[in-house]
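Chemist: Whatever this is, show me its structure:
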Amino acid sequence: MSRISSEWSKLEEDKNPIESLAESLLAAISEAIKSVASIEIEKENFIEIGCFLYRASMVIMEFHINNNSPTNVIEILASLSVSVDKAKNSAMKLQKNVHTIQSSEVRNILEQLQGVMRNIGDNLSMVPLSTYEDQEYAEKAAKALSKEIKAAYFVVSQSRVVESKEQLQMLSSVDISREYKMDTDLYSIDVEISAENLQLSGNFESRKSRDKNDYESWSAGSLMSLPQVAQYMEPLYETFFCPLTKKIMDDPVTIESGVTYERTAILERFHKFKNTEEIVCPKSGQKLKSTNLNTNVALKATIDEWKERNDTARIKVARAALSLASTENMVLEAIDDLQSVCSRNSYNKIHIRSIGMIPLLANFLNHKSRSVRCAALELLRQLAEYDSEGQEIIAKTVDISRVIKMLSSNHGPIRHASVSLLFVLSRSQFFCDEIGAVAGGILMLITVKYRQSIDVFTSEKADQILKNLEKLPNNIKLMAENGYWEPLLTHLVEGTEEMRMEMANYLGEIVLEPESKTYVAEKASLALIQMVHTGNSLSRNAAFQALKQISCYRPNAEILVEDGIIQIMVEEMFTRTIHNEPMNSKTEASAILANILESGKELEDFQVNVHGHTMSSDYIAYNIIHQIKNSTPDELNINLIRILLCLMKFPKASATIVSVIKETEASYNLIELINTPNEYLGVVSIKLLITLSAFMGHTLSTRLCKTRGQPESLIQNPTEITRITEKDAVSVNFLAKLPHQNLTLNLALVNGNIVPTLIKSISQIQITGMRSNRYASAYFEGLVGILVRLTTTLYDHQILLLARTYNFTSVLTELLTKSYTDEVHKLSAIGLENLSKQSINLSRPPQMAKTKILKFFIFQICISTKSSKGEEFSLCPIHRGVCSSQDTFCLLDAKADERLLACLDHENVEVVKAALSALCTLLDDKVDVDKSVSLLCEKHAIQHVLNVVKEHREEALWQKSFWVIERFLLKGGDKSALDISQDRLLPSTLVSAFHHGDECTRQMAEKILRTLNKMPTLSNTFTM
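Modeler: Next comes the predicted model:
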């Protein structure tokens, strides 16, 4: 009682008396267990007592770790302390007198211990239910333990003494030699754990010599592990042990001497004897006449029954240990014990599941210790293996995403344990259903599969898991979405019709990555084409969608053509008819054919059927054009027009298409489709009309003007345009591409009041710029093109009036002053050329009051004079009359000549050609060439022209440049001739043109060379 008094006195000073008393009690139980485990007599009884004490310590742990302690806890702990001290004292007394003690005294001690144990059972039954909070199993375990302890009965039996010292040491030792290691792969926190709290010394005497603080520290940690005594929770009998192996027998057999051994052990002993006559019984030494082995059925049944009871007890203890989880060692030893139990009997796995162990183990997957996580994974795998029900329970309970995350651990055992668990679970249908819901789950498995060089085992297991997941089609789709196409393609080629249809559906839905598109086409195209040709409606529809997806990638065209897709698609479009089919195969087939043609593959002479028709034949053109109507579905119209646009790139096909359209009313159909509600249909229709305009522009212009609402509907008022669309851009470009000289169309534009809208739109884009919209540049080019087309028919008084009213010359000159596109600069120069050609006709000398004044100043470059009404006029030195940029379109007055000269340095040869053509109008025979050359010389025009000759090699541009140079040589005087002759590169360029140019170019080059005295003239030659 001295110990209890000291504990009570300690309670007066301790801030937490319950915790302190619980720790002291746990230390006392540990000492008591050590004492009873070391007693050599009545071993079975004392081991049973030790087991009861150990299990009672688990309940006491609740007081130590639980904040919800009952009010009577101190009384319960005090009573338990008295009982434990009595048990320890009785055990120590028996241990000291073990060699002299009488059987009666042993019986008395056991009776005393039996009473002590009943008191402990009564105390445990007094613990309120609130102590266990939500740990339902802990509550049940405590009640069961209390009942078992109170019902315990110990009987003295000398035959039940365990004689083996090795067995005694095995039962009394506590093995917690595991070394604690902090994780570095998933957790970054640091936890300091004292070695004294992790290891339990086996030296009892050394512990007694510790000071008070060390003793309390040890006493708190002495039950933080699961001792090996828990392996034998049920009472043991000596007859269970094999005399040779000292272990409990699995297959006991009796030999001739009557002694029972383990079958394998005795057979091994018999084999050591070379002479069978020398064989003796290992235990009795009796010579054996026979080596026959007789199964000890009764003993085997008894041992098996004992093992079942013992396994049940071990599972309960392990459950309690895992519930407490005081230390890593306790958890690891409990899991090890459960693994051992499961290995011995598969039925134990069912028992473990039935008592709610799976959620407990699942929680350990988040443990800070890597070893605990690994052990929990291995036990879960063991519980799930070869047990479909267990697989489903674990798959429903365990956080699969957590297990998948462990595949990326830098610790090999963790990776192996997690992938092994996933492999076992992948046999479950539930797991296959749920894996798709795990974010990145299948992606992680695919990643691990392809990391064979890093971890072969994990890679191979991941591959097997993915194969198991193929049982569910949706998983195959997820694999494909994450770049693993083999399962989908394999099932598409080799699967059942239903599976092939589903795979084709998935293939049509999934967005192919660039690196996968060709691979998928190579593997799938032939199977899909066969499905289109021979499958049912659903299969055909799925195959069409997949082929549309594959054909969108242009490099796949070669593969599809080789697999025979052209013939099948043409057949679907023109000849095959399937009644009651829920989809329009013509639309799908035309889309695929359009995709293939848009790849740029040369298919003009490709044979499309057995009749020898090719893609450029009348058969294709008539069938396609015949189907383009307002009544045709929009999508089919779009695809048919896309096909025609591609065929127009081939010479034979384009001639055929143009001929068919001219013969039919197809152009009207195309024009009517411009204003269809489907904007994209309108876009492709206009694109085809633009392409056809190069072959039948006047016909299209006439038919466009005959169509109601055209052509004015092609140009939208800028106030109505919120953003420039592709249709806006192609519409104005269509008007710009039609023949410019078509007066009917130009007058229709004028009468439709298009010019004000045109000028306003151009001004607005000049303000806002062309970078605000992707179609702004094309739209702007179309607007300028329409303006320029009007300059070709200035002979019409309506168009002339509009050109003067809106000052076309200034508008086009301004377009040359800013950095617009090359097309805009070229069109502006062409427009200025057209305007300048009219200047000589529009420039007229004014009516003078005095003709003498005119005669006097006739030779002046520019003079002021007065009309009969007294108004002043400025005479143009080139056009010899009254000029202005607005009324006569004079380039000098608009200062357009300076901008045109700047354009001669442009990189684009088309811009240079247009600018040079516009300048040539200033050197025409109808104007005053002398004055014009003089003015251009002042602006160094000849240097610009010489640069053009040197930098560009185009024949037409050379001819224009040579013409200008010749004019300057004839009219520019000595200065111009000197400037031209001093150019070092010009002679070599002229010689090259003389040798390699056409006849016109050669004549012009020769003429300049003679002028420069680089070739002999006719007058200086003589004949022999």
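
Chemist: List the buried residues in the helix or strand containing Ala298.
Modeler: Using DSSP states H and E, the element containing Ala298 is helix 297-324. Across helix 297-324, burial judged by 16 or more other Cβ atoms under 10 Å covers 299-300, 303, 306-308, 310-324. Backbone N, C-alpha and C define where each C-beta goes, glycine included.

Chemist: residues of the next helix or strand after it that come out buried?
Modeler: Per DSSP H and E, the first helix or strand lying C-terminal to helix 297-324 is helix 328-344. By 16+ other Cβ under 10 Å, the buried positions in helix 328-344 come out as 328-339, 341-342.

Chemist: Report the inter-axis angle for helix 328-344 versus helix 297-324.
Modeler: Here the directions of helix 328-344 and helix 297-324 differ by 150 degrees (axes from the mean of the first three to the mean of the last three Cα atoms, to 10 degrees).

Chemist: Tabulate the CA atom coordinates of whatever helix or strand comes next after helix 328-344 in PDB.
Modeler: Going down the chain from helix 328-344, the next helix or strand is helix 347-354, by DSSP H and E. Below are the C-alpha coordinates for helix 347-354, written out as PDB (Å, rounded to 0.1, in the frame of the first residue of the first chain):
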ATOM      1  CA  TYR A 347     -11.200 -16.900 -43.000                       C
ATOM      2  CA  ASN A 348      -9.500 -14.500 -40.700                       C
ATOM      3  CA  LYS A 349      -9.700 -11.900 -43.400                       C
ATOM      4  CA  ILE A 350     -13.500 -12.000 -43.300                       C
ATOM      5  CA  HIS A 351     -13.300 -11.700 -39.500                       C
ATOM      6  CA  ILE A 352     -11.100  -8.600 -39.800                       C
ATOM      7  CA  ARG A 353     -13.400  -7.000 -42.200                       C
ATOM      8  CA  SER A 354     -16.500  -7.800 -40.100                       C
END
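
Chemist: Point out the other helices and strands that helix 347-354 packs with.
Modeler: helix 297-324, helix 328-344, helix 370-384, helix 388-397 (3 or more Cβ pairs under 8 Å, 6 or more residues apart in numbering; DSSP states H and E).

Chemist: so Leu360 makes contact with Leu322?
Modeler: Yes. If you go by Cβ atoms under 8 Å, Leu360 and Leu322 touch, sitting 5.3 Å apart.

Chemist: in what helix or strand does Leu422 lie?
Modeler: helix 412-425.

Chemist: centre of the chain versus that helix, how much separation?
Modeler: Centre-to-centre, helix 412-425 and its host chain are 25 Å apart (Cα atoms, centre = their mean, to the nearest Å).

Chemist: and that helix, what other elements does it pack with?
Modeler: helix 370-384, helix 388-397, helix 400-405, helix 456-469.

Chemist: what's downstream of it, the next helix or strand?
Modeler: helix 429-434.

Chemist: neighbouring contacts of that following helix?
Modeler: Helix 429-434 is contacted from outside by Gln391, Glu392, Ala395, Lys396, Ile400, Leu425, Ser426, Asn468, Leu469, Lys471, Leu472, Asn475, using Cβ atoms under 8 Å, 6 or more residues apart in numbering.

Chemist: Of the residues you listed, which is the most crowded?
Modeler: Greatest neighbour count in these, by other Cβ atoms under 10 Å, goes to Leu425: 27 neighbours.

Chemist: ok, it to Ser343 distance?
Modeler: 20 Å (Cβ to Cβ, to the nearest Å).

Chemist: Same check on Leu689?
Modeler: Applying Cβ to Cβ to Leu689 and Ser343 gives a distance of 82 Å.

Chemist: and what of Asn505?
Modeler: 47 Å.

Chemist: and if you look at Lys601?
Modeler: Lys601 is 65 Å from Ser343, by Cβ to Cβ.

Chemist: Kindly report the same for Tyr553.
Modeler: 55 Å.

Chemist: In the protein, which residue is most central in space?
Modeler: Asn482 (6.3 Å; Cα atoms, centre = their mean).

Chemist: Find the nearest non-adjacent residue to it, please.
Modeler: Leu443 (4.4 Å; Cβ to Cβ, 6 or more residues apart in numbering).

Chemist: Doesn't the one you found lie inside a helix?
Modeler: Yes. Counting by DSSP: H, G, I helix; E, B strand; the rest coil, Leu443 is located in a helix.

Chemist: And stretch 511-528, what's buried?
Modeler: Buried residues in stretch 511-528 (16+ other Cβ under 10 Å): Leu512, Ser516, Lys517, Thr518, Val520, Ala521, Lys523, Ala524, Ser525, Leu526, Ala527, Leu528.

Chemist: Quick check: phi and psi at the first one.
Modeler: This points to Leu512. Per-residue torsions, Leu512: phi -80, psi 140 (degrees, to the nearest 10).
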